[in-house]
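> sequence first, then the predicted structure, then my questions.
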Amino acid sequence: SELFRRFEALLELHHLQRWSVSDYAAALSITPTHLNRVTRAATGDTASHLILNRLIREARRNLVYTNLPVSTIAYALGFDDPAYFSRVYAAATGRSPSAFRAQLHGDEE
């Protein structure tokens, strides 16, 4: 739908600012509940899950294409605590950021 495409465009623009579902809904002039209905209809996922997935995709991109420390990546993605970022990343992907990077380089942990 057009509304979902507008949400995706906003997500690309604002994912580094760590907008909440309410922030995106407000920018689209709809309620968070309606935004969730729209995202579920389009993808089967909630808006918060799509927001998290976009953040994790950015984290992976940084882990693959830079040599930045995990803590620097965490701060760049708007996390105040690198340990919390690592927990969020591990919960979403099944491995820590450092384990993901080690696997890329063939250094299995």
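Thanks, I have the structure now.
> so what's the residue count around F7?
For F7, the count of nearby residues is 24 (other C-beta atoms under 10 Å). Just so you know, the C-beta spots here come from the backbone N, C-alpha and C atoms, and that holds for glycine as well.
> so who does it touch?
Y24, L28, L35, V38, T39, A47, L50 (C-beta atoms under 8 Å, 6 or more residues apart in numbering).
> now the helix or strand where A9 lies: average pLDDT?
A9 is located in helix 2-14, with elements delineated by DSSP states H and E. For helix 2-14, mean pLDDT rounds to 95.
> distance from that helix to the middle of the chain?
Centroid separation between helix 2-14 and its chain, computed with C-alpha atoms, centre = their mean, to the nearest Å, is 14 Å.
> buried ones in that helix, by neighbour count?
Buried residues in helix 2-14, defined by neighbour count with 16 or more other C-beta atoms under 10 Å: L3, F4, F7, L11.
> how about stretch 82-100?
Applying 16+ other C-beta under 10 Å to stretch 82-100 flags P82, F85, S86, V88, Y89, S96, P97, S98, A99, F100 as buried.
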